[in-house]
Structure formats: C-alpha cells, structure tokens
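J.: Quick one, fold the following:
(one chain, ligands or ions: 1)
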Amino acid sequence: MRHWKDKPLELEDISQLLWAAQGITDARGLRTAPSAGALYPLEIYLVAGRVSRLSAGVYRCRVLQHEISAVTVGDVRRDLCQAALQQQSVAKASVTFALCAVYRRVAVKYGERAVRYAHMEAGHVAQNICLQAVALNLASVAIGAFHDRQVHRLLQLAPDETPLYLIPVGRPL
Ligand SMILES: Cc1cc2nc3c(=O)[nH]c(=O)nc-3n(C[C@H](O)[C@H](O)[C@H](O)COP(=O)(O)O)c2cc1C
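T.: Modelled structure (predicted):
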C-alpha cells in the first residue's frame, strides 16, 4: 500500500507495532524477532508525522526501557521523502519505521557473517511490522531505495548505525 487516509495513527498503534518489531518476550531479554546469537544488532527509529498524542519528530526506540526518546522535534516526512527518491508514500504516511544496523554487535561473534545476519534479521523485523500493521487494519510498504547519507543525517544516526529499511505505515484508503 502506498496511499493512505489522512487520519492519524494512535499512540497505541505505534506501541503495538514496536512490540511486534522488537518486544521483549521473556525474562532473558529475548525478543519478538529472531536474532543470530541473540545479539540484536538493530536499532529502530520512528519518523512520526500524524500520530495522536505524539508530536511530529524523529524518535529513537529504547527497547529495554519500553520507551521512545525524541531525537528531533518537527515534521521531517518531506525531507525523508526526498531522501527516499521522492517516494510519496513516505511523505504521506502517518509514521515511518527506520531499521538500522550496528554490524559490530554481531561481528564480535560471527565475523564476516555479521552483515548477512543483520540483513536477515532486518527482514524478520520488517515482516513483523508489516503483519502487525495488517492485524491493526493498517497498511505498510517496505522501502529499500533511499540515499544512505541523507537518511543518516536526517535521523542523526550514530557513526556505526547503518540505515537498512524504511517502513511507512498508515491507514489504508
Ligand atoms: C528489499 C525490498 C526493497 C523494496 N524497496 C521498495 C521501495 O523502495 N519502494 C517501494 O515502493 N517498494 C519497495 N519494495 C516493495 C516491493 O516493490 C513490493 O513488495 C513488490 O512490488 C510486491 O508487491 P506487494 O508487496 O504489494 O505484493 C521493496 C521490497 C523489498 C523486499
């Protein structure tokens, strides 16, 4: 789905989507998506535009604390759209989830295989978000086409964070 209703998502939708992406499922800290060696190399950022009770802005997900923290305040969906080769699904979505990898977390154990493992995991997490979106009567699209450096700058990522996947979510038409 690449076209959405102009109606905000609820904060509860965001919470549920994040749980599907990286929720903690047991006392050992295991999560809703599989991770090679349970090393969890992914960081998730939100670019929120139209979400009830959440100011527009960029947020970093703090999975262990079950919270999100603001990175920047203000609606940057148009800038993200530009970074994503003008794909309008990004400008119009209520929110976009950005999955980013920190490869060294996996490389310490798996060496060269870290890159493929992180990418496989991003696929699992993305799928969880997409399936959860459907279960909430929402819609999503998986986006891999974007300018890495522009997204890196816009989300104010750390030097060792690599953006992999953008997943805009909204209410289907
Ligand atoms: C790795 C990957 C990258 C993708 N990148 C984009 C993208 O940049 N823009 C887009 O509109 N769709 C993107 N897609 C979605 C595909 O275009 C879409 O899944 C495909 O056309 C099949 O349509 P369906 O998923 O609605 O069945 C991507 C999908 C994958 C798996």
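J.: Kindly report the residues of this structure close to the ligand.
T.: 2, 87, 141-145 (Cβ under 6 Å from any ligand atom). Where you see a C-beta, it was placed from the backbone N, CA and C, and this is true even at glycine.
J.: make it 5 Å
T.: 142-145 (Cβ under 5 Å from any ligand atom).
J.: Name the member of those with the most neighbours.
T.: residue 143 (21 neighbours; other Cβ atoms under 10 Å).
J.: Who are the packing partners of the lengthiest strand in the chain?
T.: If you go by DSSP state E, the chain has its longest strand at strand 162-170. Secondary-structure packing of strand 162-170 (3 or more Cβ pairs under 8 Å, 6 or more residues apart in numbering; DSSP states H and E): helix 88-92, strand 95-101, helix 114-135, strand 139-140, helix 148-154.
J.: and these as JSON lines, adding mean neighbour count and mean pLDDT?
T.: Output for the helices and strands packed on strand 162-170, formatted as JSON lines (neighbours: other Cβ atoms under 10 Å; pLDDT from 0 to 100):
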{"stretch": "helix 88-92", "mean neighbour count": "19", "mean pLDDT": "97"}
{"stretch": "strand 95-101", "mean neighbour count": "25", "mean pLDDT": "98"}
{"stretch": "helix 114-135", "mean neighbour count": "19", "mean pLDDT": "98"}
{"stretch": "strand 139-140", "mean neighbour count": "24", "mean pLDDT": "98"}
{"stretch": "helix 148-154", "mean neighbour count": "16", "mean pLDDT": "98"}
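J.: Make TSV from the ones you listed and add distance to residue 14 to it.
T.: TSV is the format used below for those (distance: least, Cβ to Cβ, whole Å):
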stretch	distance to residue 14
helix 88-92	17
strand 95-101	6
helix 114-135	11
strand 139-140	13
helix 148-154	19
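J.: Between the ones you listed, which one is closest to residue 27.
T.: helix 114-135 (20.8 Å; Cβ to Cβ).
J.: Report the contact partners of residue 75.
T.: Going by Cβ atoms under 8 Å, 6 or more residues apart in numbering, residue 75 touches 49, 56-57.
J.: mind checking how far the closest residue to residue 104 other than its chain neighbours is from the ligand?
T.: Of all residues not flanking residue 104 in the chain, residue 160 sits nearest, at 6.3 Å (Cβ to Cβ, 6 or more residues apart in numbering). Shown here: residue 160 relative to the ligand, a distance of 22 Å by Cβ to the nearest ligand atom, to the nearest Å.
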